[in-house]
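> Quick check, what structure comes out for this input:
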Amino acid sequence: MEVLGGLIVGLGFFVGFILLIMLLRSFRVLNEYERGVIFRLGKFNAVKGPGLIVLIPIFDKMIKIGLRTIALDVPSQDIITKDNVSVKVNAVVYFRVVDPNKAIIQVEDYMYATSLISQTTLRTVLGQSDMDDLLAHRELVNSKLKDLIDHETEPWGIKVMNVELKNVDLPNEMIRAMSRQAEAERDKRAKIINSEGEFMSAQKLAEAAKILGSTENALQLRYLQVMTEIAAEKNSTMIIPLPMEIMRYFSSMTTKIDKENKS
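Residues are numbered from 1 along each chain as shown. Okay, the predicted model is just below:
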């Protein structure tokens with residue numbers, strides 16, 4: 001009888017210890033950024049939290065899920081753009097869980113599923129874009145990626161906050177071609193600017209010639225002004241141009257003398 005009594009007492013202590021552990025495990029504490037999806041006998045019951053959560057032992061099961069924004073690094077993808085340029089592009093997707101119920105029930109692993117959706121969408125969108133759009137209009141590409149990924153993940157209770165392209169790796173041949181193109185573009189702009197300057201200079205010279213030709217003494221005054229500017233430089237040598245009228249006079253006198261000699 002004493003042995004039987006000892007066994008009963010030992011069994012009672014064991015059962016009490018098990019019940020105590022189960023009672024302690026029925027109390028859970030969730031942080032402000034956490035929620036608990038409760039399943040009772042395998043069926044969805046409620047979403048609870050934050051704070052103290054009381055579970056019914058054996059009957060209730062809780063899956064904890066975070067609501068903070070997650071930065072998902074999309075691996076580098078080999079992409080051929082619309083204009084047949086091969087590039088490698090990686091991106092970052094910022095998203096958060098807004099409906100814990102759907103994030104647990106509707107998809108097996110929302111992190112893995114969101115990563116795959118981001119990769120396939122990245123390849124699809126960039127494959128339909130030109131290289132110039134990818135480099136010069138990155139904000140539009142980011143916005144399009146965000147809308148498409150958010151549309152695909154909405155049934156899972158996921159809200160995509162932002163999508164950013166991190167890096168675009170171009171082939172070395174394409175980098176050299178773009179450098180040559182940029183250099184040619186700068187040369188073209190320089191030649192255009194130089195041509196416009198020459199054209200404007202010619203216009204001003206033509207206007208100045210008209211003004212000088214319309215006044216008899218204007219050319220002589222301009223000639224004296226040039227001589228004054230040359231003399232101000234303290235040059236030891238001064239070149240004085242002769243008016244063309246004087247040259248014509250001497251030429252006509254020479255012709256007249258030759259005719260008289262012949263006669």
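
> Could you pull up phi and psi at the nearest residue to Leu148 once chain neighbours are set aside?
The shortest distance from Leu148 to any non-neighbouring residue, by Cβ to Cβ, 6 or more residues apart in numbering, is to Thr121 (5.0 Å). Just so you know, the C-beta spots here come from the backbone N, C-alpha and C atoms, and that holds for glycine as well. With angles defined as degrees, to the nearest 10, Thr121 sits at phi -70, psi -40.

> right, and Thr121 touches Ile149 too?
Yes: with contact defined as Cβ atoms under 8 Å, Thr121 reaches Ile149; the gap is 5.2 Å.

> what about Ile21, how many neighbours?
Look at Ile21: counted by other Cβ atoms under 10 Å, it has 11 neighbours.

> cool, and the one 3 residues further on?
Residues near Leu24, counting by other Cβ under 10 Å, number 9.

> where does the chain have its least confident helix or strand?
helix 244-262 (a mean of 65; mean pLDDT, DSSP states H and E).

> which ones are touching Asn101?
Neighbour list for Asn101: Val37, Phe44, Val47, Gly157 [criterion: Cβ atoms under 8 Å, 6 or more residues apart in numbering].

> how does it look with 10 Å?
By Cβ atoms under 10 Å, 6 or more residues apart in numbering, Asn101 lies in contact with Arg35, Val37, Phe44, Ala46, Val47, Ile65, Gly157.

> Buried subset of these as a PyMOL selection?
This is the PyMOL syntax for the buried subset of these, where burial follows 16 or more other Cβ atoms under 10 Å:
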select buried, resi 35+37+65+157
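
> Now, the contacts of Asn101 that are in strands?
Secondary structure from DSSP state E places Arg35, Val37, Phe44, Ala46, Val47, Ile65 of those in strands.

> Specify which member of these is nearest to Ala113.
Closest approach to Ala113 among the ones in strands among the contacts of Asn101 (Cβ to Cβ): Ile65, at 14.2 Å.

> just checking, that closest one touches Asp109?
No: contact between Ile65 and Asp109 fails when scored by Cβ atoms under 10 Å: they sit 11.8 Å apart.

> Leaving out the residues flanking it, which one is nearest to the residue nearest the centre of the chain?
Central residue of the chain (Cα atoms, centre = their mean): Arg138, 3.9 Å from the mean position. Distances taken as Cβ to Cβ, 6+ apart put Leu165 closest to Arg138, at 5.8 Å, once the chain neighbours are dropped.

> Who are the contact partners of that neighbour?
74, 89-92, 122, 126, 134, 138-139, 141-142, 145.

> strands paired with the one helix or strand it maps to, and their directions?
Leu165 is part of strand 158-169 when elements are defined by DSSP states H and E. With DSSP bridges as the test, strand 158-169 is paired with strand 86-97 (antiparallel).

> just the strands in the stretch 1-150 of the chain please.
27-30, 34-40, 43-48, 51-54, 60-66, 70-80, 86-97 (DSSP state E, counting those that start in this stretch).

> Present the ones you listed as TSV; the columns should include mean pLDDT and distance to Ala208.
Shown next, in TSV, are the strands of the stretch 1-150 of the chain (pLDDT from 0 to 100; distance: least, Cβ to Cβ, whole Å):
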stretch	mean pLDDT	distance to Ala208
strand 27-30	87	87
strand 34-40	92	83
strand 43-48	90	86
strand 51-54	87	89
strand 60-66	90	79
strand 70-80	90	60
strand 86-97	92	56
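
> Same list (the ones you listed) but as a markdown table, adding distance to Thr228.
Formatted as a markdown table, these follow (distance: least, Cβ to Cβ, whole Å):
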| stretch | distance to Thr228 |
| --- | --- |
| strand 27-30 | 94 |
| strand 34-40 | 91 |
| strand 43-48 | 95 |
| strand 51-54 | 96 |
| strand 60-66 | 87 |
| strand 70-80 | 71 |
| strand 86-97 | 66 |
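
> closest one to Glu183 among these?
Of all the strands of the stretch 1-150 of the chain, strand 86-97 comes closest under Cβ to Cβ, at 21.9 Å.
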